[in-house]
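Novice: coords below, sequence missing:
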């Protein structure tokens, strides 16, 4: 601060000296020229004095270049030229300390929903339901290391259950290779990784039955490691993910969180394309391999999945097909179960594009010889509308008509939901 006042005083003296000359030039342009020359001389003199008293700007610039990229945006708030002199850096140790402590940086995002249901199925629970409270926590640990977790609180007739849905630490080497460890939503198909537990994220109230939380048709969760990234492919926009970990647990609707119950690792691979020319278009294929151990019986499991989606919302189109093959290790008996869904939606141009009607048809078939699944047969239709009351909240209403098994009656139901994010 003292040095700045000194420089300011020198400039004032220079201006006064120039004005006090006994015979000032009569030409105004010449007077301005002399003043500019005098100021330039003083600036050079100040630079020489600073060069003798400080090491120069090289150390400050070098320190700034070593800051992580994730902190660079914070550094950009410093006015240009602030790091021009070493003494400026020395006088602001608190600011540099704050930048260095940017990691870890914790962020919390939440989702919730409140539901109402009424159906003509005997014994069905109707009325209001508090739904699910979903908390997503993410933290950058360095430029290339991030942590993410998703925890849900679920309303049940006897109380609440707490579930760690995802728990992941990831190292981003570059855009082509990212390695992570933890608990994932298994990258089979599209829906299971595009729409997580926050109901606000998806157009509809419910998930398709093949990816229903707590369902068994595909393993919704996966514990292990995952490698993912982009594939150099020009306008094709190819990406991949490959994972290895614990397969289904002794209860096939849950993963092996505490270890693999048969010491046989499952693996999963997924490849998809997002063509640059067609915004919102994505198509992909997945394969999953595991060994399932039930009481006294072992089965080899192959799951293949293909999907095609268009998410521009005018229209929205989602279609996915899954085949699950089970082969008995001892009997060599093989069965195939198939399922698919097709969903259409369109965001209307009126009411500030806040209204989106939609329809979904889904079908699941399991053969009578299936030994791993209980009856999964389903034929169902959903007709609904979503109304976004704000950027972060929406009302949804659905009419559902479903039938499980040929011998079972059709069930009609009305379902309402308000979903939000915070």
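Specialist: Yes, it's here. Everything quoted here is computed from the prediction, not taken from an experiment.
Novice: you'd agree residue 153 is up against residue 131?
Specialist: No. Checked against Cβ atoms under 8 Å, the pair residue 153 and residue 131 is beyond contact range at 9.8 Å. In this view, the C-beta of every residue, glycine as well, is placed from N, C-alpha and C.
Novice: ok, these two, which is more surrounded?
Specialist: residue 131 (19 against 15; other Cβ atoms under 10 Å).
Novice: which non-adjacent residue is nearest the more buried one?
Specialist: Using Cβ to Cβ, 6 or more residues apart in numbering and skipping residues adjacent in sequence, the residue nearest residue 131 is residue 113, 3.8 Å away.
Novice: again, but for residue 308
Specialist: residue 283 (4.7 Å).
Novice: what residues are bridge-paired with that neighbour?
Specialist: Beta-bridge pairing for residue 283 (DSSP bridges): residue 273, residue 308.
Novice: pLDDT score assigned to it?
Specialist: Looking at residue 283, its pLDDT stands at 97.
Novice: which stretch of helix or strand covers the closest residue to residue 169 other than its chain neighbours?
Specialist: Once flanking residues are discounted, residue 169 sits nearest to residue 147: 5.0 Å by Cβ to Cβ, 6+ apart. In the assignment (DSSP states H and E), residue 147 maps to strand 145-156.
Novice: how far does that strand sit from its chain's centre?
Specialist: 13 Å (Cα atoms, centre = their mean, to the nearest Å).
Novice: contacts for the helix or strand following that strand, please.
Specialist: Where DSSP H and E defines the elements, the next helix or strand beyond strand 145-156 is strand 159-174. Residues outside strand 159-174 that contact it (Cβ atoms under 8 Å, 6 or more residues apart in numbering): 134, 141, 144-154, 178-185, 196-197, 221, 229.
Novice: which ones are touching the residue nearest to residue 169?
Specialist: 104, 137, 138, 139, 141, 168, 169, 170.
Novice: may I ask which two of those residues are separated the most?
Specialist: 104 and 168 (14.8 Å; Cβ to Cβ).
Novice: what is the burial count for the residue nearest to residue 308?
Specialist: Other residues near residue 283 come to 17 when the count uses other Cβ under 10 Å.
Novice: if we can go back for a sec, residue 104 and residue 168: who's more crowded?
Specialist: residue 168 (17 against 12).
Novice: excluding its backbone neighbours, what's nearest that one?
Specialist: Closest to residue 168 by Cβ to Cβ, 6+ apart is residue 182, at 3.8 Å.
Novice: mind checking the SS state of that neighbour?
Specialist: Local secondary structure at residue 182 is given as strand here, using DSSP: H, G, I helix; E, B strand; the rest coil.
Novice: and it, how many residues sit next to it?
Specialist: 19.
Novice: same deal with residue 385?
Specialist: When neighbours are counted by other Cβ under 10 Å, residue 385 registers 16.
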